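Undergrad: take a look and give me a structure for this.
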Amino acid sequence: MSMDLVIVIVLLVAAVAMFAIGRPRMDVVAVLMIVALPLTGILTVPETLAGFADPNVVLIAALFVVGEGLARTGVTYRLGDWLARTAGASLTRLIVMLMLSVALLGAVMSSTGVVAIFIPVAVSIAARTGVSTRMLMMPLSFAGLISGMLTLIATTPNLVIDAELQRAGLEGFGFFSITPFGLVILALGIGYMLLARRFLGGEAAGPDAARRTFGSLMADYHVDARTHRYRVAAGSPLIGMPLADVELGDGLRATVLMIERSRLFRRTVHLTADDVVVAKGDVLFVDVGVSSDAARRLRLERLKMTEGFFDEYSRQVGLAEVLIAPDSAAIGRSVRTLRLASDHGVEAVGVRHRGRTVEGDYADVRLAAGDTVLVTGSWPAIQRLGGTARDYILLDLPAESAEVAPAANQAVFAIGSVLVMVVLMVTGIVPNVIAALIACLLMGVFRCVDMGSAYRAIHWPTLLLIVGMLPFALALERTGGVDLVVDGLLALLGGAGPTVLLGGIFVLTAVIGLFVSNTATAVLMAPIAISTAAHLGVSPLPFAMMVALAASSAFMTPVSSPVNTLVVEPGRYRFADFVRIGTPFTLLTLVVSVLLVPLLLPL
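TA: Numbering: from 1, shown residues only. Modelled structure (predicted):
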């Protein structure tokens, strides 16, 4: 083993370790590797940065924009509404239709985005039908993962593997090359979940639990117990003061939910903003207690809170639960430092941390992926938060609200743009990246997306991860690392034949995928699979296909994929639930893949 190979392995192990512990962020790790590899002298700067010129990186960015167009035009929500109407009260029909809908939509847009969209739909249906959300959330995540096995563009690892095949001078995959395998696994997945649902159990959701009232959400997060009403009396030093400067004693900044003003015999409610100026007679709804001394000094008169008081204002003041996304910048930060008011026009008024509602002061709780935050603000601001902020996923709205799609009238054009893209990709008239860019342009022409939403839709950390990990494939190949792994596989399993080696490739890919993202796993395993086929003198397509299937088989733990992480809190799952349900299905996927891949892609 050469010193250059040792250096590459050390860097690779360091990157994997940082991915596994989640510190620093994956895109920061990628940048560290981009900086480190040229310094070793193994790769040149142009070779290390070649990923920025890779057509598949541009293709992936374009697909994020296409998915955003489907969401903004309400196509995704309408699919969920159709599902809710047609599924009826049958749990079997509901699971089948839910998994088919998620898999179908996930075949042309991000599976993480699709699952995020369908979580509130599934929770709402569970409430209406009286079934437990535990019986729906895991089928939802399984379908999201399997959707990556339905088309070439369904998930990033497929594109990474296809690019590696082309880099090796091979033909690569077609748009539907992976589809036959995915359809079989999807059918098995639906049947498996129909059997496994009895092991998920859980209490049934109550009527309208998913879309509770304004007041019940307040009560669930204990906001009603913390909230106080104070009238600003004449002579108060707060009069004329901008809300941003208001302190209610002991240096405590007020978290004001809303301001009630009575003018000309009518009562109106004003949402809070830092430029709002306090006036005489205003009634402040404050999420903190004010001491008696401070109330006297500030001339604040405490008023009673009557039962159901908040319901009166539900049409003027928005309220919603948002889920902290798996790659959110809010992870590890406290609510106090999120800048929700200045950046998104909403205020946090409650937190559920690791499944439990935080009582008392929640402002300094360090947020984790899967935590939920109750926010208040205008309904448009809340909709913008759910539709444009990638750090937060809009999870629950009270029954008084209505879903809004900013470009709902353009839905037919969004669907048409996607159909044009798929036809161009299937026929091969233009390269895939050009087809996706054409779809983006059509989305813009028909106002399905605007420039701001298009740029926000692109998940830049994913792109940086790909660019940062791609040079490792070249570095391992140049230093003999790929040959070393291939020789080890051949020595261990070579005598058993190519079919057993296919299984070994699947297992190795799935195991690596437990610790790092499926994109990074595909980057590392694609050249190993192709080189293994070359050593055996057989077609590389079956080996590359095994990597693609295994990379999407992240069923075993809640942290092996963002798709799984999203459903943990709504489904009230534990780590052991995924191990218990996901491991048998991963083994089933392994068996099916080993049997089908050599049959449909001859060695």
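
Undergrad: which stretches in the stretch 351-500 of the chain count as helices?
TA: Ranges of helices in the stretch 351-500 of the chain, per DSSP state H, counting those that start in this stretch, are 379-388, 411-427, 432-445, 451-457, 460-479, 481-493, 498-513.

Undergrad: tell me which residues in the shortest one are buried?
TA: This points to helix 451-457. The neighbour-count check on helix 451-457 (16 or more other C-beta atoms under 10 Å) flags Ser453, Ala454, Arg456, Ala457 as buried. Glycine gets a C-beta too; all of them are placed from N, C-alpha and C.

Undergrad: could you do the second one as well?
TA: When neighbours are counted by 16+ other C-beta under 10 Å, the buried residues of helix 411-427 are found to be Ala411, Phe413, Ala414, Gly416, Ser417, Val418, Met421, Val422, Leu424, Met425.

Undergrad: and what of the longest one?
TA: Within helix 460-479, the residues that qualify as buried are 461-476, 479, counting by 16+ other C-beta under 10 Å.

Undergrad: tabulate the CA atom coordinates of that helix in CSV.
TA: Provided in CSV are the C-alpha atoms of helix 460-479 (Å, rounded to 0.1, in the frame of the first residue of the first chain):
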residue,chain,number,x,y,z
TRP,A,460,-26.9,23.6,-2.4
PRO,A,461,-25.5,21.3,0.3
THR,A,462,-26.4,18.3,-1.8
LEU,A,463,-24.6,19.8,-4.9
LEU,A,464,-21.5,20.6,-2.8
LEU,A,465,-21.5,17.1,-1.4
ILE,A,466,-21.4,15.6,-4.8
VAL,A,467,-18.7,18.0,-6.0
GLY,A,468,-16.6,17.3,-2.9
MET,A,469,-16.9,13.5,-3.0
LEU,A,470,-16.5,13.0,-6.8
PRO,A,471,-12.7,13.5,-6.7
PHE,A,472,-12.3,10.6,-4.2
ALA,A,473,-13.3,8.2,-7.0
LEU,A,474,-10.4,9.4,-9.1
ALA,A,475,-8.0,9.6,-6.2
LEU,A,476,-8.8,6.0,-5.2
GLU,A,477,-8.5,4.8,-8.7
ARG,A,478,-5.1,6.6,-9.2
THR,A,479,-3.6,5.4,-6.0
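
Undergrad: so which elements touch it?
TA: On a contact count with 3 or more C-beta pairs under 8 Å, 6 or more residues apart in numbering; DSSP states H and E, helix 460-479 meets helix 3-21, helix 26-40, helix 45-48, helix 55-72, helix 156-167, helix 481-493, helix 518-536.

Undergrad: nearest to Val121, out of those?
TA: Val121 lies closest, by C-beta to C-beta, to one member of these: helix 55-72, at 12.9 Å.

Undergrad: for stretch 278-293, C-alpha coordinates in CSV please.
TA: What follows is stretch 278-293 as a C-alpha-only set of coordinates in CSV (Å, rounded to 0.1, in the frame of the first residue of the first chain):
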residue,chain,number,x,y,z
VAL,A,278,-47.0,50.6,21.0
ALA,A,279,-50.0,52.9,21.5
LYS,A,280,-52.2,53.8,24.5
GLY,A,281,-54.9,51.3,25.1
ASP,A,282,-53.2,48.5,23.2
VAL,A,283,-53.7,45.1,24.6
LEU,A,284,-50.5,43.0,24.3
PHE,A,285,-50.7,39.3,24.2
VAL,A,286,-47.3,38.3,25.7
ASP,A,287,-45.7,34.9,25.9
VAL,A,288,-43.9,35.7,29.2
GLY,A,289,-45.1,36.6,32.7
VAL,A,290,-44.5,40.1,33.9
SER,A,291,-43.7,40.7,37.6
SER,A,292,-46.0,42.9,39.6
ASP,A,293,-43.3,45.5,40.1
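
Undergrad: closest to Leu200 among the buried residues of helix 451-457?
TA: Closest approach between those and Leu200, by C-beta to C-beta: Ala457, at 33.0 Å.

Undergrad: which residues touch that closest one?
TA: The contact partners of Ala457, taken as C-beta atoms under 8 Å, 6 or more residues apart in numbering, are Phe64, Val65, Gly67, Glu68, Val449.

Undergrad: ok, and the closest non-adjacent residue to it?
TA: Glu68 (3.4 Å; C-beta to C-beta, 6 or more residues apart in numbering).

Undergrad: for the stretch 101-250 of the chain, give me the ranges with low pLDDT.
TA: Applying pLDDT under 70 to the stretch 101-250 of the chain flags residues 113, 116-117, 120, 124, 127-129, 201-216, 224-225, 243-244, 248-250.

Undergrad: show me the helices in it, by range?
TA: 111-129, 134-146, 156-167, 179-196, 214-220, 223-226.

Undergrad: just name the most buried of those helices.
TA: helix 134-146 (a mean of 27; mean count of other C-beta atoms under 10 Å).

Undergrad: farthest pair within the buried residues of helix 451-457?
TA: The span of those, defined through C-beta to C-beta, is set by Ala454 and Arg456 at 7.4 Å.
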